[in-house]
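Trainee: How does the following fold in three dimensions:
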Amino acid sequence: MTLAGYQRIAPLMIAVRPNAEVLGELYFLKPDEYAATLAGCDELEELHPGQLVGHEYERKLVTVTTSEGPHAAWAYVQPEPDAIIE
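Mentor: A predicted model of the protein is given here:
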């Protein structure tokens, strides 16, 4: 899959960058595992329950392109400067 408008800036970090793209993987979760998996990912990225922005990552709804067409997906990205929690 391809995520347009982002660039890898470190091995485990992507950030908004116009005219760039990131290649990655898209995972489809079973409905009965979705909430627990997302909560586990948020905990790993140090996002507080119910929050989308942490100190190092922001969980953002993005559109990725696959060979089957576009899909909505969550991505953990570098927070925009106005989104960072102190």
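Trainee: Val77: neighbour count?
Mentor: Residues near Val77, counting by other C-beta atoms under 10 Å, number 20. Where C-beta positions appear, they are placed from N, C-alpha and C, glycine not excepted.
Trainee: whoops, Glu43 was the one
Mentor: Neighbourhood size, Glu43 [other C-beta under 10 Å]: 11.
Trainee: in its sheet, what does the longest strand that the chain contains sit against?
Mentor: Assignment by DSSP state E gives strand 13-23 as the longest strand of the chain. Here strand 13-23 has these sheet partners by DSSP bridges: strand 2-10 (antiparallel).
Trainee: Sort out which residues of the strand it pairs with are buried, please.
Mentor: Leu3, Tyr6, Gln7, Arg8 (16 or more other C-beta atoms under 10 Å).
Trainee: before we move on, back to that, give me the contacts around the longest strand of the chain.
Mentor: With C-beta atoms under 8 Å, 6 or more residues apart in numbering as the test, strand 13-23 has contacts from 1-9, 56, 75, 77-78, 80.
Trainee: Send over stretch 50-66 as CSV, restricted to the C-alpha atoms.
Mentor: The C-alpha atoms that make up stretch 50-66 are tabulated as CSV, following Å, rounded to 0.1, in the frame of the first residue of the first chain:
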residue,chain,number,x,y,z
GLY,A,50,-9.5,8.3,24.3
GLN,A,51,-6.8,10.6,22.9
LEU,A,52,-5.4,10.7,19.4
VAL,A,53,-2.3,12.7,20.1
GLY,A,54,0.6,11.8,22.4
HIS,A,55,4.1,13.1,22.9
GLU,A,56,5.7,11.4,19.9
TYR,A,57,2.8,10.0,17.8
GLU,A,58,-0.6,11.1,16.5
ARG,A,59,-3.1,8.4,15.4
LYS,A,60,-4.5,9.9,12.2
LEU,A,61,-7.2,8.6,9.8
VAL,A,62,-5.7,8.5,6.4
THR,A,63,-6.5,7.1,2.9
VAL,A,64,-4.1,4.5,1.6
THR,A,65,-4.0,3.2,-2.0
THR,A,66,-3.7,-0.5,-2.7
